[in-house]
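*Asks:* Give me the fold of what follows.
(chains A and B)
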Amino acid sequence: MWNEESDWIGSFDSQLARLAECRMCSRDRGERPDATGMDLEVLEVAEEGSYGRVFRCLDIHTGALVTMKQITMVRLSQGVPAPIIREVSLLKELHHANIVKLLRVGLTENRYVNLVFEHLDYDLHHFIVNRGYPKDALTVKSFMYQILSAVAYCHSLKVLHRDLKPSNVLIDHSKRLIKLADFRLAGEFADDLLYTEKLGTSWYRAPEILCDSRQYSTQIDLWSVGCIFAEMVIGQPLVQAINCRDELEGIFKLLGTPTEETWPGITKLMPNLHIYYPKFDALGLETFVTDLEPSGLNLLSMMLCLDPSRRISAEAALKHAYFIDVNYVSLLLL
Amino acid sequence: MSFDSSNHPISPDLYCSEVTSEVIHLDSDDEALKFNVLWGDSDHDDSDDESILLNLLESEHNQVQEQTKFLGQQLRKKTWLINAREEAINWILKVHAYYSFKPETAYLSVDYFNRFLLSHTFTQDKAWPLQLLSVTCLSLAAKMEESKVPLLLDLQVIESRFLFKPKTVQRMELLVMASLKWRLRTITPFDFVHLFISKLLCSASTWGDLSYIVSLVSDVIIRTCLVMDFLEFSPSTIAAAALLWVTNQCVDDKKSYCLHKNISIEMVKKCYKLMKQKLIIRRSELYWPKISQLLPRSPTCVLDHAAAMQESSDAHKL
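*Replies:* Numbers count the residues shown, from 1 in each chain, chains lettered A, B, ... in the order given. Coordinates of the predicted model:
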């Protein structure tokens, strides 16, 4: 009996030992971790975040560049943090050309979870800021089509991304290929109070969330995509282009302060609306988003629609006239 | 334990069930789980629901192939494990009810539990490994599905024979996730219920209370977790059979219909028949025990209980 118990415990510990085989030690900020146990050579620290750090690495076996996200596990009373579990589990099931690939998951000292992703050259934020926004109208259209394809796929699996913004849109430069990344906040359609306060970067946040609605759905991602669309065209965040004290005021100046007629349910959702916000007349998208062809502006207006129930879906957006000249074959071959 | 009620003399209730079973002659292809390339299928409509359903079925197909397909066969070789598994699942369902978790959380907990059993062996005379596995699977499912997740110690308040330290549970969490290849986002029958209801109903007004139907279907689905024989059925099949079971008890509707051409009608019939046979499925009252029966009598009792369990768990320090 004792031996059997010992065997089980031994088996349990040996499996954990294999999981924690990686000998990475990095308690000092900035010190390069030893990724030998994960067959990776760390090249540089790419990013520091509240959740952990991101490293650019070389895969020792394939010679390929990869990105490793190292997430610190704290608060032992809760076990492995839910956001880690959710992100990994979701990425394991999302198989789409326009969604970043999670190559493998490793552990270090039962303290870090290491997520190894395929590497892409840069993100859309850097593309806009450093290389000049894509003035080429065809590039904008191609990028938009790929983003919407990925979003439509997620929504068909009942997954909301919830944090779409240029820095979460990765670009393979040579192929002009787009991949969505960072699914930490992603989840199924649900009233997820736990993450509401962290939900999305404010510039790309849908008005129903800014109004503190707890009832939101796929439409929040479409609003974010609309903001990305506008930003690619004008070279800066759309809300930043408007003189306003907060994002909601900027939206209302742009599209007009909502009424029960333009957004049914708004007076219940935000009873004090007219106390906090004047009644703005719409300046109109065309005032700020110049140099976009009429069908593009039409599609943008359907994404940046105040009323979530009237906002276009990703599936429908892909069929919009704006994309009529997108070369499907070349997209599929990417 | 469940037993087959089909040997009983024919009764009015059973007769009604026999009659309703005739309704399940769905006019459709009998091809099992035929999948169409989304763009290549010129027959299907362009509705978002159709797209969602196709993607769900494809994901389900991918998952089922490497998951619980053979668990039922393996379990039958170990009688003691059948009983231990049922006891563990009952524990999961009690904690699930205590915290009013979603139905999905219960189903996922059992799914992780089953999948882990496939890849690991347990010795018969030790109870604590299965208890640790139960706590771990419930914790992981709650983290996947719930907005608020209780602390690891709080999950073990109800009828736990052992009390595991958070550190121990975390290590087990990592082991389970690695064993399941971090694939915790499992397709469940609940993913299909609303889609099937929208296909089944001519109009919402024909049903008195849609949420009540969903509640009954959810209850049936969770009960299937307790019966090992349901392991051979895919989540979409269980969802379809559970919905037909619930609605045919409520309404005598002989109209033929097809939920989806990619779902095997034969498997749905077989699953439905199993639901008829298993008493656990046919019980009329909802499964959940009354919450008041599970509430601790006082905080002091909780502390005493925890202290007693702590002594037990010390003996099993890893």
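
*Asks:* shaky segments in the chain?
*Replies:* You didn't say which chain, so I picked chain A. Within chain A, the stretches with pLDDT under 70 are A:1-37, A:49-51, A:75, A:131-135, A:185-201, A:327-334.

*Asks:* wait, I meant chain B there
*Replies:* Judged by pLDDT under 70, the stretches of chain B that qualify are B:1-48, B:64-70, B:72, B:125, B:201-209, B:248-261, B:281-318.

*Asks:* care to break it down by domain?
*Replies:* For chain B, the TED database gives the domain ranges B:67-180, B:189-278.

*Asks:* Adding mean neighbour count and distance to A:Leu94 as columns, could you present those domains in TSV?
*Replies:* Where you see a C-beta, it was placed from the backbone N, CA and C, and this is true even at glycine. Output for the domains of chain B, formatted as TSV (neighbours: other C-beta atoms under 10 Å in any protein chain shown; distance: least, C-beta to C-beta, whole Å):
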stretch	mean neighbour count	distance to A:Leu94
domain B:67-180	19	15
domain B:189-278	19	15
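
*Asks:* isn't A:Phe117 right next to A:Val66, touching?
*Replies:* Yes: judged on C-beta atoms under 8 Å, A:Phe117 makes contact with A:Val66 at a distance of 6.5 Å.

*Asks:* Common neighbours of the two, please.
*Replies:* A:Leu103 (C-beta atoms under 8 Å, 6 or more residues apart in numbering or on different chains).

*Asks:* Mind checking the domains of chain B for the one nearest to A:Asp39?
*Replies:* domain B:67-180 (16.8 Å; C-beta to C-beta).

*Asks:* does chain A sit close to the closest one?
*Replies:* Yes: Domain B:67-180 is in contact with chain A by C-beta under 8 Å from any C-beta of the partner chain, via B:120, B:122-123, B:125-126, B:129, B:139-140, B:143-145, B:147-149, B:151-153, B:166-167, B:169-171, B:173-175, B:177-178.

*Asks:* export the domains of chain B to a markdown table and tack on distance to A:Ile209?
*Replies:* Listed next are the domains of chain B as a markdown table, based on distance: least, C-beta to C-beta, whole Å:
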| stretch | distance to A:Ile209 |
| --- | --- |
| domain B:67-180 | 16 |
| domain B:189-278 | 24 |
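
*Asks:* can you list contacts of stretch A:289-304?
*Replies:* A:137, A:140-141, A:222-223, A:225-227, A:229-230, A:233-234, A:238, A:254-255, A:285-286, A:311-312, A:317, A:320-322, A:324.

*Asks:* The residue of the stretch 1-150 of chain B found nearest chain A and A:Phe183, how far apart?
*Replies:* Nearest to chain A, among the residues of the stretch 1-150 of chain B, is B:Lys143, at 3.8 Å (C-beta to the nearest C-beta). Using C-beta to C-beta, to the nearest Å, one obtains 15 Å as the distance from B:Lys143 to A:Phe183.

*Asks:* that older thread, need the buried ones from the contacts of stretch A:289-304 selected in ChimeraX.
*Replies:* Here is the ChimeraX selection string for the buried members of the contacts of stretch A:289-304, based on 16 or more other C-beta atoms under 10 Å in any protein chain shown:
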select /A:140,141,222,223,225,226,227,229,230,233,234,238,254,255,285,311,312,317,320,322
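
*Asks:* From the contacts of stretch A:289-304, which land in helices?
*Replies:* A:137, A:140-141, A:222-223, A:225-227, A:229-230, A:233-234, A:254-255, A:285-286, A:317 (DSSP state H).

*Asks:* Which stretches in chain B count as helices?
*Replies:* Going by DSSP H, chain B shows helices at B:12-21, B:48-65, B:71-76, B:79-98, B:103-119, B:128-145, B:166-179, B:190-200, B:210-224, B:235-250, B:265-277, B:279-282, B:291-294, B:299-314.

*Asks:* Could you dump the ones you listed into CSV and include distance to A:Gln78?
*Replies:* What follows is the helices of chain B, written out as CSV (distance: least, C-beta to C-beta, whole Å):
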stretch, distance to A:Gln78
helix B:12-21, 47
helix B:48-65, 27
helix B:71-76, 30
helix B:79-98, 16
helix B:103-119, 16
helix B:128-145, 9
helix B:166-179, 7
helix B:190-200, 25
helix B:210-224, 26
helix B:235-250, 29
helix B:265-277, 38
helix B:279-282, 34
helix B:291-294, 23
helix B:299-314, 18
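
*Asks:* Correct me if wrong, but A:Val105 is in a strand.
*Replies:* Yes: checked against DSSP: H, G, I helix; E, B strand; the rest coil, A:Val105 lies within a strand.

*Asks:* count of neighbours near it?
*Replies:* For A:Val105, the count of nearby residues is 19 (other C-beta atoms under 10 Å in any protein chain shown).

*Asks:* which ones are touching it?
*Replies:* Going by C-beta under 8 Å, 6+ apart, A:Val105 touches A:Val88, A:Val113, A:Asn114, A:Leu115, A:Val116, B:Ala178, B:Trp182.

*Asks:* how does it look with 10 Å?
*Replies:* Shown in contact with A:Val105 (C-beta atoms under 10 Å, 6 or more residues apart in numbering or on different chains): A:19, A:38, A:84, A:88, A:91-92, A:113-116, B:177-178, B:181-182.

*Asks:* In helices, which of these appear?
*Replies:* Short answer: the contacts of A:Val105 in helices (DSSP H) are A:Leu19, A:Ile84, A:Val88, A:Leu91, A:Lys92, B:Met177, B:Ala178.

*Asks:* Taking the residues you listed, tell me the two that lie furthest apart.
*Replies:* A:Leu19 and A:Leu91 (18.7 Å).
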